[in-house]
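Chemist: Model the structure of this input:
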Amino acid sequence: MPAEIELGTLAATARAGEAEALRLWAGHGAVRLLEHDAATGAMLTERCVPGSSLEDILDGAETDRVAIALLTQLHDPQGAEGFVRLADRATALAKDIVVRHERCGAPFDQWLVDLSVDLLTDLASSESAPVILHGDFHHHNILAAQRAPWLAIDPLPMVGDPAYDAVQYLLFRKGDLADPEKEWGPVIHQFCSGLGVDPERVMAWLFVRLVSDAVAAHVEEGEPVALLEHDQADLWSARLIHRLRA
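Modeler: Numbers count the residues shown, from 1 in each chain. The predicted model follows:
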């Protein structure tokens, strides 16, 4: 069923476009939509067998190859209309992140918020060649299947910058690294090279996503800043991305 989702750069109406995105992809890189009841939003989709997730592959380079191959299929500019626009969401988030940060007493360094606003403004105004985005592309949403070796499930579709779809995947990927400070940068650049997207745009999206999530966690869950700053958490990761962008 469609559900309202509002988290970071995810739009509240994103789930409502799932059926249409699956229909447009027509089984290329994603599960097929078999039936859809518009009145209730219920969907019958192709079943992935055996259905194990990409997380079960231990070789990071192999998971990257699978992810790149799927995103290449999904990022089709044809039919990229009628969905939530990522650029609009970025513009709204640039205002929202300031309000939320102030609401929770401005517990983080102000430059984190200021830079996020600047990056969001630039990302929204410099978008070109928009495509249909999966919107929630990560290891758990990539399943082993029979019709194709791997298929994507559970999209939260938007239309916009193809660099955005690398963000969620690369956040999961960081969790597999023994030493993110040394390894994450090369992984990001290699993944972006394979996908054909600008690593600077990907790292900009990563930074604003991490800061936005940190603000959301503090506002909604009252997470102490110390917990958000600990090794490999949101603010720690945002600061690492900032160093990698330097």
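
Chemist: what's the nearest residue to His189 if we skip its chain neighbours?
Modeler: By the measure of Cβ to Cβ, 6 or more residues apart in numbering, the closest residue to His189 outside its immediate chain neighbours is Pro199, 5.1 Å from it. No exception for glycine: its C-beta is placed from N, CA and C like everyone else's.

Chemist: Surely the one you found touches Ile188?
Modeler: Yes. Taking contacts as Cβ atoms under 8 Å, Pro199 lies within contact range of Ile188: 5.8 Å.

Chemist: where's the residue most central in space within the chain, which helix or strand?
Modeler: Nearest to the geometric centre of the chain sits Gln168, at 3.7 Å (Cα atoms, centre = their mean). Using DSSP states H and E, Gln168 sits within helix 165-174.

Chemist: Now tell me what touches that helix from outside.
Modeler: Helix 165-174 is contacted by residues 55, 60, 63-64, 67, 71, 74-75, 133-140, 180, 184, 187-188, 191-192, 195, 197, 202, 205-206, 209-210, 232, 237 when judged by Cβ atoms under 8 Å, 6 or more residues apart in numbering.

Chemist: Extract the C-alpha trace of the helix-or-strand element of the chain with minimal mean pLDDT and format it as PDB.
Modeler: Sorted by mean pLDDT, DSSP states H and E, the helices and strands of the chain end with helix 225-229, the least confident at a mean of 83. The C-alpha coordinates for helix 225-229 follow below in PDB (Å, rounded to 0.1, in the frame of the first residue of the first chain):
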ATOM      1  CA  VAL A 225      25.300  14.700  19.700                       C
ATOM      2  CA  ALA A 226      27.900  12.400  21.200                       C
ATOM      3  CA  LEU A 227      26.100   9.400  19.800                       C
ATOM      4  CA  LEU A 228      25.800  11.000  16.400                       C
ATOM      5  CA  GLU A 229      29.500  11.800  16.400                       C
END
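
Chemist: Which neighbouring elements make contact with the helix or strand that comes right after that helix?
Modeler: Downstream of helix 225-229, the first helix or strand assigned by DSSP H and E is helix 234-245. Helices and strands touching helix 234-245, as assessed by 3 or more Cβ pairs under 8 Å, 6 or more residues apart in numbering; DSSP states H and E, comprise helix 110-125, helix 180-195, helix 199-221, helix 225-229.

Chemist: Go through the ones you listed and pick out the most buried.
Modeler: Most buried of those by mean neighbour count (mean count of other Cβ atoms under 10 Å) is helix 199-221; its value is a mean of 22.

Chemist: any weak-confidence spans in this protein?
Modeler: Scanning the chain for pLDDT under 70 picks out 1-14, 231.

Chemist: who's sitting farthest from the centroid in it?
Modeler: Max radial position in the chain (Cα atoms, centre = their mean) goes to Ala39, at 28.5 Å.

Chemist: follow-up on the earlier one: next, the angle from the helix holding Gln168 to helix 234-245.
Modeler: 110 degrees (axes from the mean of the first three to the mean of the last three Cα atoms, to 10 degrees).

Chemist: let's number from 513 now, not from 1
Modeler: In the new count, where the first residue is 513, that last one comes out as helix 677-686.

Chemist: from the middle of its chain, how far away would helix 677-686 be?
Modeler: With Cα atoms, centre = their mean, to the nearest Å as the basis, helix 677-686 stands 7 Å off its chain's centre.

Chemist: Next: stretch 720-730.
Modeler: On Cα atoms, centre = their mean, the centre of stretch 720-730 falls 14 Å from that of its chain.
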